[in-house]
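Trainee: Mind folding the following:
(one chain, ligands or ions: 1)
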Amino acid sequence: MSFPTIIAIDGPAASGKSTLAKRLAAELGYLYFDTGVMYRAITWVVLARGVDSADEAAVTSLAEAVTIDVQPATLEDGRDFDVLVEGQDITWEIRSAGVEANVSQVSAYPGVRKALSAQQRRVGMRGRVVMVGRDIGTVVLPEAQLKIYLDASVEERARRRYDEQVARGHSVSLEAVLKAMRKRDEIDSTRDVAPLRAAQDAIVIDSDHMDIEAVLRETKALVTG
Ligand code: DC
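Mentor: All right, here's what the predicted structure looks like:
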């Protein structure tokens, strides 16, 4: 394989994709693009405007009309970038429990996926990018020269997400996080359009017994061949 300029990292929620992608992009001097942010931003708009997330037509129209911007971070509060919708900063709002509970449903609508994946593909095709999501290697950028599918058991992922929430000062129970994670997995992997699955030519890494440094080492070895 020649040195990859388009790197796709897919996998289930809380598998460590974003952390891996961020570190890898920084080391390579590539753009780090977390596509989940776009689905979360649309979901936030749906909730903020009081639209019923079960109303596919209304949600799709919003996704087609709303402009989402992801820009370099302007605040040093732990964020990797600013997420803006029509000028409003919603960087932390998209991590709320309300968005978590509705994002899988919103991202299952074909019209929403069509609108967002076209924008993602435009960015990706410029190259020098590490793009993270569920369907990057299968649908958005099938031409990516390196595809990683980062997996971990649902129990391990729930524990990581629980630790994250507690560190942010949220009061949650591990059982509730595990239940929500199972539900999201089920919706993400059984939807009709672009379900979560590893591309045929993806390299699957199971991170259950690996820390981020070990996953990064393995990925860098794949990049340099
Ligand atoms: O990676 P994340 O948890 O921020 O993703 C949020 C939701 O967005 C997730 O439930 C599935 C969806 N998503 C998707 O369908 N396709 C992508 N490329 C990225 C995210």
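
Trainee: Buried residues, stretch 103-121. List them.
Mentor: For stretch 103-121, the neighbour count (16 or more other CB atoms under 10 Å) marks 103-109, 112-113, 115-117, 120-121 as buried. For the C-beta atoms, the positions are set from N, CA and C on the backbone; glycine is no exception.

Trainee: which residues sit against the worst-scoring helix or strand of the chain on mean pLDDT?
Mentor: Least confident helix or strand, the chain: strand 68-72 with a mean of 85, by mean pLDDT, DSSP states H and E. Contact partners of strand 68-72, identified using CB atoms under 8 Å, 6 or more residues apart in numbering, comprise Phe33, Val37, Met38, Ala41, Ile42, Phe81, Asp82, Val83, Leu84, Val85.

Trainee: So which of the residues you listed are in helices?
Mentor: Under the assignment DSSP state H, those contribute Val37, Met38, Ala41, Ile42 to helices.

Trainee: Measure how buried the closest residue to the first one other than its chain neighbours is and give me the count.
Mentor: It refers to Val37. Nearest residue to Val37, sequence neighbours excluded (CB to CB, 6 or more residues apart in numbering): Val83, at 5.6 Å. By the criterion of other CB atoms under 10 Å, Val83 has 24 neighbours.

Trainee: Next one: Val83 from Ser207, what distance?
Mentor: Applying CB to CB, to the nearest Å, the value for Val83 to Ser207 is 26 Å.

Trainee: Would you mind giving the contacts of strand 68-72 as JSON lines with pLDDT added?
Mentor: Formatted as JSON lines, the contacts of strand 68-72 follow (pLDDT from 0 to 100):
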{"residue": "Phe33", "pLDDT": "92"}
{"residue": "Val37", "pLDDT": "95"}
{"residue": "Met38", "pLDDT": "95"}
{"residue": "Ala41", "pLDDT": "97"}
{"residue": "Ile42", "pLDDT": "97"}
{"residue": "Phe81", "pLDDT": "88"}
{"residue": "Asp82", "pLDDT": "91"}
{"residue": "Val83", "pLDDT": "93"}
{"residue": "Leu84", "pLDDT": "93"}
{"residue": "Val85", "pLDDT": "94"}
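
Trainee: Among those residues, which one lies nearest to Tyr162?
Mentor: When the contacts of strand 68-72 are ranked by distance to Tyr162 (CB to CB), Val37 comes first, at 21.2 Å.

Trainee: circling back: among the ones in helices among the contacts of strand 68-72, name the buried ones.
Mentor: Buried subset of the ones in helices among the contacts of strand 68-72 (neighbour count, 16+ other CB under 10 Å): Val37, Met38, Ala41, Ile42.

Trainee: just checking, the last one touches Ala63?
Mentor: Think Ile42. Yes: Ile42 is in contact with Ala63 according to CB atoms under 8 Å; the separation is 4.9 Å.

Trainee: who touches both of those two?
Mentor: Joint contacts of Ile42 and Ala63 (CB under 8 Å, 6+ apart) are Val106, Val112, Leu116.

Trainee: Intersect those with the contacts of the ligand.
Mentor: Among these, no residue is within reach of the ligand (CB under 6 Å from any ligand atom).
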